[in-house]
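**Student:** Okay, here's the prediction I keep looking at, along with the sequence it came from:
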Amino acid sequence: MTVTHNPPVCETQTLTLFTATDFPDETWSWTGPGGFTSTLSDPSRTSSVLAWSGEYWVHTQLNGCVDSGSVMVNILPMPIAPSVSRNIPLCEDSTLFLSSASSPGATYSWSGPTGFTSTLQNPVVPGVTPGTHNGTYTVTAALGVCTISSTITFSVTPEHNPVLGSNAPICSGNVLSLTATPPYAGCTFNWSGPLGFTSTLQYPSINPAFTSHSGVYFASAMLDGCTSDTIGIAVVVDSTPEVPVLTTNSPGPPGNTICQEDTLMFTANSATGAGVTYYWTGPASFSSSLQNPMIMPAHPSNSGVYTVVASLGACTSTATIVATVTPTPPISVSSNTPICSGEKDTVKLFATGNPGSTFTWVGPYTFSTSAQNPIRTPAVTEYSGVYHATVLLDGCTNTASLNYTVKPTPTPPWVKWVTYCQYYDAPYMQAMGSNILWYTSSDPLGVGLSTPPKPQTDTVGVKFYYVTQTVNGCKSAIDSIRVRIDPTPSVTANDDITVCPRESVDLRAVNPDAIAYYHWLPSMYLSDTDKANVTANPETDIRYMVISTNVYGCSDTAEVNIRVRENAVLHMPDSVLIFPGESYHIEPMTNCTKFTWTPSGGLNGKFISNPVATPEVSTKYVVVAMTEEGCVVRDSITIRLSDESVFTVPNAFAPGRGVNDVFRVIRRGTATLRHFRVYDRWGLLIFQTNNIDEGWDGTYKGVQQPVGVYVYEVEAVSSTGKEFRKMGNVTLVR
């Protein structure tokens, strides 16, 4: 008879026994360890214990026939349920220490929030945060195939720095209120401050507060055993200043009469002394933060009540004072000006003002009088000038002036004899004077024209023009102006030219006069500027002008346009370094269309602009290039061939971040990779390859690996057989 059971069976689990066949009317009789008996065909024993291990027998009867069989059962030990604990308190950014204990020889497997796993009995998690590490952590203890689990649930206490506030600045004698706003409920507080102040209230106060309570108050918050940073807040308790004593220089006593345009002054003094600031306000939107302000110049609108606020910190006191500004008395003056000298006429002056005003006059030629409306006779030109009248009313004065003119008989207008070159577009004639009239002869009885004549310059020779001026109705004597016309030369130059940059060009100028002078403009790129024939070496398009002058100082000009073809441009590196098996694509920046490279060995083309160079040895390549318009340039590049391939390994990489997102061996030149391996910090091999173009993408068995430091080892061989071995660390960042 065949007898079996359900393997394996661990402690506390159910053991079930089986016989191979069952028949109607068949009976069973089971016996086993621990006094086990049963008459069932397939009996079970729940909550197994180790003592139930041993041989189990069954005897069957059917129709008088007896059969028997047995099976050996081994009850496996179940590990003790692990006890789980963690460090307390657990504050944000601290290290979590998990611990567990089970049966000797047990192995452990942890899992937790955000994919946390560990096979350590007591794992450590640095830098915990509430959003990532809050939740339930499960540890499973195993003895062979028998396992049992325990859990622990907790939360990380978040940062909870309080925000401090106060009602400061305040004045001494008032209540100083402090506030602490916690980011989370349940916080407790510790305050400290000046004069040994301490408190555990969230909203402490000091009543009354004095200036000695000024300073920095500090508070920290505690939540679930975690203490926040200590935060400070500066508090000022100011003294209330004494009411200031005010004075002013306006009518008092003690002040004097302040007239319009004078300076109105104020003073303020508080017995409190140092540290007091002042702020004045008054009529006409006056304001000032000076202790002793001034209004300069003063105006009647500045009359009225002035208020000053004395401040010491946030504390103030107020005082007022009245000031008066006397307005300037009005005055207006007039006269019978202008008059002419030599006539039987009288200088008449007039002044007006408010009733009660008195007047004084001063003027040219020692004139002085207290008459309100004085006169001077007879009139002479010396009486011309500025007359000043002063009015006096209520202790304030005002002054007005007028300019009086006694007209003299005018002199002839000022004129200048002029000389022009033939064909010059001469300007209209000019004379310095007033009411100018122009004549065709020196006859003073002729009819004059107010429009000045324009000299004609077509004919060489001398011609005279005549002019007078009238000033205030007085006509001057006639005067003459001589106009001389000198001959103008003629100059020619060569035709326009097209050249390449810095190509020499001969410029030629011709003047048929026996004596002629030359000057070329601009001087840029010219060999000389004061000869008839010069040489130019232009780099850009330019227009030259030659000025030829004769013995009379008259000149003529000619122009030559030079178009400079586009310069041949070709830029490329002086040298480059390549490694075994590499080529270099020469791609010069150029505007040329024809190229010739020397030597041509190692190039894929001799007459192309951008050949690929694959030299067998270091080679200097020279290129001669030409633009479509025929301008030539020459340059060279040296391709240096390294004797050996080079290898480098980066010290960090960032998967999925574009640049440097795969950790691989970087090489220049031909090489073979023997092996490239990456290990985690526990020494587990998580990546390996012998393909030099393949790298680690930061995963292991399809799972992204955590940020941290990993160990690598590399062994490679260059094309020349040189071996490269390196072991080091690489940092995975995300």
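**Tutor:** That came through, no problem.
**Student:** Now do the residue nearest to K475 when sequence neighbours are not counted: how many residues are near it, please.
**Tutor:** Of all residues not flanking K475 in the chain, T468 sits nearest, at 6.0 Å (Cβ to Cβ, 6 or more residues apart in numbering). For glycine as for every other residue, the C-beta is placed from the backbone atoms N, C-alpha and C. For T468, the count of nearby residues is 22 (other Cβ atoms under 10 Å).
**Student:** Does anything pack onto the helix or strand hosting V139? Which helices or strands?
**Tutor:** Here V139, judged by DSSP states H and E, is contained in strand 135-143. For strand 135-143, the packing partners by 3 or more Cβ pairs under 8 Å, 6 or more residues apart in numbering; DSSP states H and E come out as strand 83-86, strand 96-101, strand 107-112, strand 146-154.
**Student:** just for this protein, where's the confidence low?
**Tutor:** The model of the chain has pLDDT under 70 over residues 252-255, 342-344, 444.
**Student:** Which residue comes closest to Q61 once chain neighbours are left out?
**Tutor:** Per Cβ to Cβ, 6+ apart, closest to Q61 is T27, 5.0 Å.
**Student:** G473 is nearest to which of the helices and strands packed on strand 135-143?
**Tutor:** Proximity to G473 (Cβ to Cβ) singles out strand 96-101 among these, at 112.0 Å.
**Student:** what's the spacing between the closest one and its chain's center?
**Tutor:** Centre-to-centre, strand 96-101 and its host chain are 50 Å apart (Cα atoms, centre = their mean, to the nearest Å).
**Student:** Then stretch 201-215?
**Tutor:** Put simply, stretch 201-215 sits 43 Å off its chain's centre (Cα atoms, centre = their mean).
**Student:** Kindly report the same for stretch 674-690.
**Tutor:** For stretch 674-690, the distance to the chain centre is 45 Å (Cα atoms, centre = their mean).
**Student:** mind starting the numbering at 775 from now?
**Tutor:** Taking 775 as the first residue, the last one we looked at is stretch 1448-1464.
**Student:** Count the residues that sit near the closest residue to G1355 other than its chain neighbours.
**Tutor:** Leaving out its chain neighbours, the residue that sits closest to G1355 by Cβ to Cβ, 6+ apart is T1444, at 3.7 Å. The local packing of T1444 (other Cβ under 10 Å) involves 15 other residues.
**Student:** How much space separates T1444 from M852?
**Tutor:** Applying Cβ to Cβ, to the nearest Å, one obtains 61 Å for the distance of T1444 from M852.
**Student:** same question, T1014
**Tutor:** Look at T1014 and M852: by Cβ to Cβ, they are 82 Å apart.
**Student:** ditto for N1110
**Tutor:** In terms of Cβ to Cβ, N1110 sits 136 Å off from M852.
**Student:** circling back: strand partners (parallel or antiparallel) of the strand holding V913?
**Tutor:** Strands that pair with strand 909-917, judged by DSSP bridges, come out as strand 881-886 (antiparallel), strand 920-928 (antiparallel).
**Student:** out of these, which comes closest to Y1326?
**Tutor:** Across the strands paired with strand 909-917, closest to Y1326 is strand 881-886 (Cβ to Cβ), at 108.4 Å.
**Student:** What lies in contact with the next helix or strand after that closest one?
**Tutor:** Going down the chain from strand 881-886, the next helix or strand is strand 890-892, by DSSP H and E. The contact list for strand 890-892 (Cβ atoms under 8 Å, 6 or more residues apart in numbering) reads L872, Y882, S883, W884, S885, V899, H907, Y911.
**Student:** and the second one, what does it touch?
**Tutor:** So that's Y882. So Y882 contacts P856, S874, S876, S892, T893, L894, Q895, V913, T914, A915, A916 (Cβ under 8 Å, 6+ apart).
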